[in-house]
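K.L.:
below is the sequence, then the predicted model.
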Amino acid sequence: MAVDIKRDYEIRSILHEMREEYWQGLTEADELQEELLECVTFAIGGEIYAFETVFAAEVLRIPRLIRVPGVQETIAGVFNLRGEITAAMDIRPLLGLPSPPFSKRGRIIVVRSEKFVTGILVEAVEEVKGLSYKTFEPVVKTHFEVGQQFIRGQFNQDGALTVLLDITRLLAAPEIMVGTVS
């Protein structure tokens, strides 16, 4: 049985080239894939804000809110969420933002924390999107300190700023806890 050395060499050469192309393709794919933080983005106070989607349960049209006497200003009222009485929070005062009435584009983002479910009133929900860590800038102290403790930083993508909220800190704020501040 005769072995064709030339043919065997060609096959090895072809397999070697295929292996190199395969590994190069994987390396290029890893370089192209950037780390993204998946967030829900929304408008309040004329700015775009975001927080991680793991905290967002759903988005609703603003239902009829029942004002509760003696609670914090940030609690705009309560509403029925499938049989559960749920607080609707207006976080604009906490962030030092203007608080005009909500339009028809207004929504409630239902947020789940470890301890409770609440709704955050927003002027409009923009979208769910991945924000690139490459464009993230940490919070810079400015003369405008109101709400600074609730902001983790900002993303500057395509010339548009998106402010990243520290939703865990926001949900733990005494200003939103019923019965702690009036």
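P.N.:
Nice, thanks for sending it over.
K.L.:
ranges for the strands of the chain?
P.N.:
Per DSSP state E, the chain carries strands over the ranges 36-44, 47-52, 56-61, 75-81, 84-89, 107-112, 117-122, 124-132, 136-138, 151-157, 160-165.
K.L.:
any weak-confidence spans in the chain?
P.N.:
For the chain, the stretches with pLDDT under 70 are 1-9, 25-34, 140-146, 177-182.
K.L.:
quick check: domain ranges of it?
P.N.:
For the chain, the domain assignment from automatic domain parsing gives the residue ranges 1-32, 36-176.
K.L.:
out of the strands of the chain, which one sits most buried?
P.N.:
Greatest average neighbour count among the strands of the chain goes to strand 117-122 (a mean of 22), per mean count of other C-beta atoms under 10 Å. In this view, the C-beta of every residue, glycine as well, is placed from N, C-alpha and C.
K.L.:
which helices and strands does that strand pack with?
P.N.:
If you count contacts as 3 or more C-beta pairs under 8 Å, 6 or more residues apart in numbering; DSSP states H and E, strand 117-122 packs onto strand 36-44, strand 75-81, strand 84-89, strand 107-112.
K.L.:
Phe136 is nearest to which of the ones you listed?
P.N.:
Taking C-beta to C-beta, strand 36-44 is the member of the helices and strands packed on strand 117-122 nearest to Phe136, at 7.9 Å.
K.L.:
relative to the closest one, what are the paired strands and their orientations?
P.N.:
strand 47-52 (antiparallel), strand 124-132 (antiparallel) (DSSP bridges).
K.L.:
using PDB, write out every CA atom in that strand.
P.N.:
This file holds the C-alpha atoms of strand 36-44, laid out as PDB (Å, rounded to 0.1, in the frame of the first residue of the first chain):
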ATOM      1  CA  LEU A  36     -22.900  46.200  28.000                       C
ATOM      2  CA  LEU A  37     -25.100  47.000  31.000                       C
ATOM      3  CA  GLU A  38     -28.800  46.200  30.100                       C
ATOM      4  CA  CYS A  39     -30.900  49.100  31.300                       C
ATOM      5  CA  VAL A  40     -34.400  50.600  31.000                       C
ATOM      6  CA  THR A  41     -34.100  54.200  29.900                       C
ATOM      7  CA  PHE A  42     -36.700  56.900  30.600                       C
ATOM      8  CA  ALA A  43     -37.200  60.600  30.600                       C
ATOM      9  CA  ILE A  44     -37.700  62.800  33.700                       C
END
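K.L.:
give me the contacts around that strand.
P.N.:
The list of residues contacting strand 36-44 from outside it, by C-beta atoms under 8 Å, 6 or more residues apart in numbering, reads 48-53, 56, 59, 91-92, 95, 97, 107, 109, 122-133, 136, 162, 164.
K.L.:
before we move on, what about stretch 113-122?
P.N.:
By C-beta under 8 Å, 6+ apart, stretch 113-122 touches 42-44, 49, 55, 57, 60, 62, 76, 79, 81, 84, 86-91, 102, 106-111, 168, 171-172, 176.
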